[in-house]
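# What follows is a predicted protein model with its sequence.
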Amino acid sequence: MSKTQKSKLDVASQPTAATDHPDRREYVVTAAAPLRVAGRRASPGDVLALTEAEARGELLALHIRPLHEETPASKAD
């Protein structure tokens with residue numbers, strides 16, 4: 001392999017933004033997360049761009065939370 005070619009590992013390990021992939025959303029890694037989240041090394045506070053399928057199990061285990069959580073609007077009585 002020449003020096004100008006990138007290996008699949010190099011390409012796969014590069015971070016991608018959620019805006020690069022419209023089917024991905026951004027999630028924040030929580031303190032309850034193990035060293036690997038959705039198959040990636042992560043630390044609490046890291047932001048990961050994941051598909052719904054990648055995030056499903058991690059959300060249920062409370063290892064991640066949506067970066068921009070939607071909060072219900074307060075209702076005026």
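Noted; the coordinates are in hand. Numbers count the residues shown, from 1 in each chain.
# Pro34: how many residues sit nearby?
Residues lying near Pro34 (other Cβ atoms under 10 Å) number 10. For glycine as for every other residue, the C-beta is placed from the backbone atoms N, C-alpha and C.
# who's in contact with the closest residue to it other than its chain neighbours?
For Pro34, ignoring the flanking residues on the chain, the nearest one in space by Cβ to Cβ, 6 or more residues apart in numbering is His63 at 7.1 Å. With contacts defined as Cβ atoms under 8 Å, 6 or more residues apart in numbering, His63 is in contact with 29-30, 32-34, 37.
# do that again at 7 Å, thanks
Contact partners of His63, counting by Cβ atoms under 7 Å, 6 or more residues apart in numbering, are 29-30, 32-33, 37.
# For ChimeraX, write the select line for the buried members of those.
Entered in ChimeraX, the line below selects the buried ones among the contacts of His63, by 16 or more other Cβ atoms under 10 Å:
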select :29,30,33,37
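# For Gly45, state which of the contacts of His63 is nearest.
Val29 (6.4 Å; Cβ to Cβ).
# hmm, back to that, next step: the contacts of His63 restricted to strands.
Taking DSSP state E, the ones among the contacts of His63 that sit in strands are 29, 37.
# got CSV for the contacts of His63, with distance to Gly45 and pLDDT too?
As requested, the contacts of His63 are exported to CSV (distance: Cβ to Cβ, whole Å; pLDDT from 0 to 100):
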residue, distance to Gly45, pLDDT
Val29, 6, 97
Thr30, 9, 97
Ala32, 12, 95
Ala33, 10, 97
Val37, 12, 96
